[in-house]
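Trainee: sharing a sequence plus its predicted fold:
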Amino acid sequence: MSRLHTLFQTCYPHYKPLILLFFFSFCFFAGGQIARIYPSASVETDNTNPSECSSSASTAPADETSGSALSTILPAAENWGLSFQEEGKAPAGNASFDELQQYHAYYAQNTDKKVIYLTFDCGYENGNTPAILNALKKHHVHATFFIVGNFLRDNPELVKQMLKEGHTVGNHTFHHPDMSQIATQETFSRELGDVETLYKEITGKTMTRFYRPPQGKYCTENLQMAKDMGYHTFFWSLAYVDWLTDAQPSKEEAFDKLLGRIHPGAIVLLHNTSKTNGEILDELLEKWEDMGYTFSTLKELLKAEE
């Protein structure tokens, strides 16, 4: 073994360049063969303007409830988003106040008055809405509840209670689809109109034409469609990740976001399915009041803006 070691030490310096050349040549050859066997995946880019629906369309799957074609589908458009730049000030949205207002759309009130507009998105009921209603009633706060078809169908008494206690019930669509993918006014109108029809059957009242796009997905054509139907569209200026029922935020995490980012004229979005919201709302409303905030309704916001 020692003789082999001595021989290696003697020969290696002389043949080192050849050994390295052979090694790198082998690596280059092996890499080429692997690339031939496993070609790289192609990357597609979307060159469309994200805030505008494209005119090119394809056919949607059949509507499971009616058996008819759901309409044409459009490429993905904008997701509502916010950029918080200064504490106590309204965040910058994907679109400005003026850009949205031409479509009768809002995400906050442009004001220095310490007023909050409280809204809830209701996708289904899991037992937390009664606690939310109790807290609102205790503080004499009127909110807007944006509901989908199954919530309305399965919880008619809760909806009636909302109305009886002075809240507004808005339209969150019947099936909660990505509305920015809908190309025709007919299909768009059906998503909102089916909620209106069921609401009238259950409550005997005409639904207030307030609309919130599911998941905040929209395009300018959708906003125009809603406007043409007589709707006002409401996004939000403050929300937090409260919809994951199996990963609910702690009380401290909720307060950190909802107190730290509150601002004059805020439209606050909370979810009725959040256990955390049901547990903290009473205290949260009290803390906002201690900060000098009052509460108003989206109907009052429109009176102030129009």
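Mentor: Arrived safely, thanks for sending.
Trainee: am I right that Gly278 is in a helix?
Mentor: Yes. Assessed with DSSP: H, G, I helix; E, B strand; the rest coil, Gly278 lies in a helix.
Trainee: I'd assumed Asn126 was in contact with it.
Mentor: No. Between Gly278 and Asn126 there is no contact under CB atoms under 8 Å: 9.6 Å. Quick note: C-beta positions are derived from backbone N, CA and C, even for glycine.
Trainee: in terms of secondary structure, what does the longest strand belonging to the chain contact?
Mentor: The strand that spans the most residues within the chain, counting by DSSP state E, is strand 115-122. Using 3 or more CB pairs under 8 Å, 6 or more residues apart in numbering; DSSP states H and E as the contact definition, the elements that strand 115-122 packs against are helix 129-138, strand 144-147, strand 266-271, strand 294-296, helix 298-305.
Trainee: quick revisit: out of Gly278 and Asn126, which sits in the busier spot?
Mentor: Gly278 (21 against 12; other CB atoms under 10 Å).
Trainee: residues touching the more buried one, list them.
Mentor: Asn128, Thr129, Ala131, Ile132 (CB atoms under 8 Å, 6 or more residues apart in numbering).
Trainee: between those residues, which is nearest Leu244?
Mentor: Closest to Leu244 out of the contacts of Gly278 is Asn128 (13.5 Å), distances taken as CB to CB.
Trainee: now the closest one: how far from Asn277?
Mentor: Remark: distance between Asn128 and Asn277 (CB to CB, to the nearest Å) = 7 Å.
Trainee: how close does the residue most central in space within the chain get to Glu191?
Mentor: Residue closest to the average C-alpha location in the chain (CA atoms, centre = their mean): Gln215, at 3.1 Å. Here Gln215 is placed at a distance of 14 Å from Glu191 (CB to CB).
Trainee: ok, Lys299 - how many residues close by?
Mentor: For Lys299, the count of nearby residues is 14 (other CB under 10 Å).
Trainee: among the contacts of Gly278, which pair sits farthest apart?
Mentor: Put simply, by CB to CB the two of the contacts of Gly278 set farthest apart are Thr129 and Ala131, 7.4 Å from each other.
Trainee: so who does the closest residue to Tyr103 other than its chain neighbours touch?
Mentor: Nearest-residue entry for Tyr103: Leu223, 3.7 Å, with adjacent residues in sequence omitted and distances by CB to CB, 6 or more residues apart in numbering. Taking CB under 8 Å, 6+ apart as the definition of contact, the neighbours of Leu223 are Leu100, Tyr103, His104, Ala105, Thr233.
Trainee: Leu223: which element?
Mentor: When elements are assigned from DSSP states H and E, Leu223 belongs to helix 220-228.
Trainee: what's the first helix or strand after that helix?
Mentor: The helix or strand immediately downstream of helix 220-228 is strand 232-234, counting by DSSP H and E.
Trainee: how about residues contacting that next one?
Mentor: Outside strand 232-234, the residues that reach it (CB under 8 Å, 6+ apart) are 100, 103-107, 119, 144, 146, 170, 209-213, 218, 223, 226-227, 267, 298, 302.
Trainee: same question for stretch 81-90.
Mentor: Contacts with stretch 81-90, where a contact means CB under 8 Å, 6+ apart, come from 91-94, 107-108, 110, 216, 237, 260-266.
Trainee: so of those, which ones are in strands?
Mentor: Checked against DSSP E, the contacts of stretch 81-90 include these in strands: Ala92, Gly93, Ala266.
Trainee: okay, now the last one: neighbour count?
Mentor: By the criterion of other CB under 10 Å, Ala266 has 25 neighbours.
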